[in-house]
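1. Got a sequence here, can you build the structure:
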Amino acid sequence: MRGYWLAAYTFGQFLDRADSPALKDFFDSEPAVLRRLEASAGFIARSGYDSGEDPKSWGTQVFPKYWQDNGDGWAPSSLSLWTDPEALAAATYHGLHGAAFKRGREWNLPAINWPGYALWWVKSGHRPDWQEAVERHEHLGDHGPSPRAFTFKQLYLPDGTPSKLDSAKVKNLAGTRQHSGEA
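-> Predicted structure coming up:
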């Protein structure tokens, strides 16, 4: 959307501590998955983490009220910016990330009592910090989808008008990735 970027915050809870052997495959695949996401059509930027080198963290990382520390002070979460929901959906559900996403039950608790992610529009040039992302995520959990925070199932345009995901565009973007060797 011209003049706007789509912000995306994801939140999960690992089945075990981050240093558990049960999560080795997750952490082994993460660098390649992130590189592919960053190379995706429609990707703008993502926040790093407090403990990481690059990219820089967009503020101090915080977790939503749903978080239950399993003893390591950590939870899998991400904060990124995209051109539109179709680009994000293509990158999320297809290619390397799609394959990892399908294995999510091996690593994460099911998101039954909280939303797994929240989407919202920001003006181009604005980089939301972790606190803003958590506030949007909790708003979605407390009030359901609205122009303030929504999901792929109930999208909104930047002006607040309800919208739907263009599945043909998602398939086209996902097909483009597959043909360029990013399956």
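
2. neighbours of A174, just the number please.
-> Using other C-beta atoms under 10 Å, A174 has 23 neighbouring residues. The C-beta positions use only the backbone N, C-alpha and C, and glycine is treated the same way.

3. cool, R46 as well?
-> Quick note: R46 (other C-beta under 10 Å) scores 17 neighbours.

4. Was I right to think it contacts S77?
-> No. With contact defined as C-beta atoms under 8 Å, R46 does not reach S77; the gap is 11.3 Å.

5. All the strands of this structure, residue numbers only.
-> Using DSSP state E, the strands of the chain run over residues 4-11, 43-46, 77-82, 117-123, 155-156, 162-163.

6. Tell me where the model's unsure across this protein.
-> Counting by pLDDT under 70, the chain shows low-confidence ranges at 52, 176-183.

7. got the residue ranges for the helices in it?
-> Ranges of helices in the chain, per DSSP state H, are 24-38, 85-93, 95-102, 104-107, 130-143, 167-179.

8. and those as a markdown table, adding distance to K56?
-> Output for the helices of the chain, formatted as a markdown table (distance: least, C-beta to C-beta, whole Å):
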| stretch | distance to K56 |
| --- | --- |
| helix 24-38 | 14 |
| helix 85-93 | 21 |
| helix 95-102 | 22 |
| helix 104-107 | 26 |
| helix 130-143 | 12 |
| helix 167-179 | 27 |
